[in-house]
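Asker: test case, fold it:
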Amino acid sequence: MPEDPIDHIDFDELNEKAISQPLVTHIYTADPSAHVFNGKIYIYPSHDIDAGDAFDDLGSHFAMEDYHVISMDSAGGKAVDNGLALHVKDVLWAEKQMWAPDAAEKDGKYYLFFPAKDHSGIFRIGVAVSDSPSGPFVPQPEAIKESFSIDPAVFKDACPDNGGNDGSYYMYFGGIWGGQLQRWRTNSFNADQPESPVAHLPNDNEPSLCPKVAKLTDDLLEFAETPKDLLIIDENGNPLLQGDTERRFFEASWMHKYKGKYYFSYSTGDTHYLCYATGDNPYGPFTYGGRILNPVVGWTSHHSIVEFDNKWYLFYHDSSLSKGVTHLRSIKVTELIHDENGKIITIDPYK
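Answerer: Take a look at the predicted model:
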């Protein structure tokens, strides 16, 4: 197992060096998905609970069972916990591990998209609906048909600056190792070697596994098409290789649009970077652009990017509040800057 990138830390000193502090401290939160609804920022994080499980490469220690929605009037304002939005016990098809969610709005309804393991131990993606951006959310009785893996991120392509932007919604998803994406390489779940996170991965000299993208139906409750690979390529037009661990996709899909360009961002997982790639349409291909965030304390990195009051912000997490306990994380926010050429300026999380 790779080491945490920041080892033997003085956490008091680390927190003094941090460029931002946890938005909430009464619970542990991670994987922040931020959106602007009705002039406010709403954050949809996962909820880290200390279940006493040992760390492993499958993420079994991430024992999340519910969601809370955090709201803010401004990026520097007070973060408010709006209470329980959805619990796994209310989701008929799900058994456990409600990992990183996302949300979207359409026609005055709010949709919470979330992964969870079903009763056979396979990750699926579900939808829950509310009249309020803070919930509570009522889940659909079944998961999305043909859904699998983790980390759904839903993007509305509503900007009229490129042709074909008709307001369609697209879901981006997938995560390797504990996220099970590698087990779907044959389009059906491969249950062999269930305790090995690297079983079924490509060889290092082969193209890396791709995140998935699918347009959603008009009611946002199902896929309108079979999910497709979202290809990430290098500067020469070649697919990133599995062995290119500092650039290849691991998990944590996100999409935003800046000056007519599509920015797909993601985590490299075991090498702890947030990276991005750019393309000309929602399906790609996407050309690797660089790093967004250098490693944080804590094993994982997961984020969202949102514009508010004409500034862009990166929402992310680290484990500084829990003093390095990797499965007890806290959400944070910092400003994100695109330079004059559209390149994202790399952020160092600690001064």
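Asker: tally of neighbours for Ser188?
Answerer: Neighbourhood size, Ser188 [other CB atoms under 10 Å]: 9. For every residue, glycine as well, the C-beta is placed using N, CA and C.
Asker: whoops, I mixed them up, Tyr170
Answerer: Neighbour count for Tyr170, taken as other CB under 10 Å: 19.
Asker: which secondary structure state does it sit in?
Answerer: strand (DSSP: H, G, I helix; E, B strand; the rest coil).
Asker: can we start the residue count at 29 from this point?
Answerer: Okay, using 29 as the starting number, the last item reads as Tyr198.
Asker: quick check, it in contact with Ala186.
Answerer: No. The criterion here is CB atoms under 8 Å, and Tyr198 misses it with Ala186 at 11.3 Å.
Asker: all helices of this protein, in order?
Answerer: Taking DSSP state H, the helices of the chain run over residues 39-45.
Asker: go ahead and flag the most central residue of it.
Answerer: In the chain, the residue lying closest to the centroid (CA atoms, centre = their mean) is Ala280, at 3.3 Å.
Asker: how near is that residue to Gly352?
Answerer: 20 Å (CB to CB, to the nearest Å).
Asker: next, Asp185: phi, psi?
Answerer: For Asp185, the backbone dihedrals (degrees, to the nearest 10) come out as phi -90, psi 80.
Asker: how much space between Val324 and Gln208?
Answerer: From Val324 to Gln208 the distance is 24 Å (CB to CB).
Asker: what's the pLDDT at the closest residue to Arg152 other than its chain neighbours?
Answerer: Distances taken as CB to CB, 6 or more residues apart in numbering place Ala171 nearest to Arg152, at 3.6 Å, with adjacent residues excluded. At Ala171, the model reports a pLDDT of 98.
Asker: residue contacts, Ala171?
Answerer: Counting by CB atoms under 8 Å, 6 or more residues apart in numbering, Ala171 touches Trp121, Ala122, Asp146, Arg152, Ile153, Gly154.
Asker: ramachandran coordinates for it?
Answerer: Torsion angles at Ala171 (phi, psi; degrees, to the nearest 10) stand at phi -70, psi 160.
Asker: stretch 259-271: which residues count as buried?
Answerer: Neighbour counts over stretch 259-271 (16 or more other CB atoms under 10 Å) mark Leu259, Ile260, Ile261, Pro267, Leu268, Leu269, Gln270 as buried.
Asker: go on, stretch 211-218?
Answerer: Neighbour-count burial for stretch 211-218 [16+ other CB under 10 Å]: Arg211, Trp212.
Asker: just stretch 276-290 next, same as before
Answerer: Arg276, Phe277, Phe278, Glu279, Ala280, Ser281, Trp282, Met283, His284, Lys285, Tyr286, Tyr290.
Asker: and it, end to end?
Answerer: 18 Å (CA to CA, to the nearest Å).
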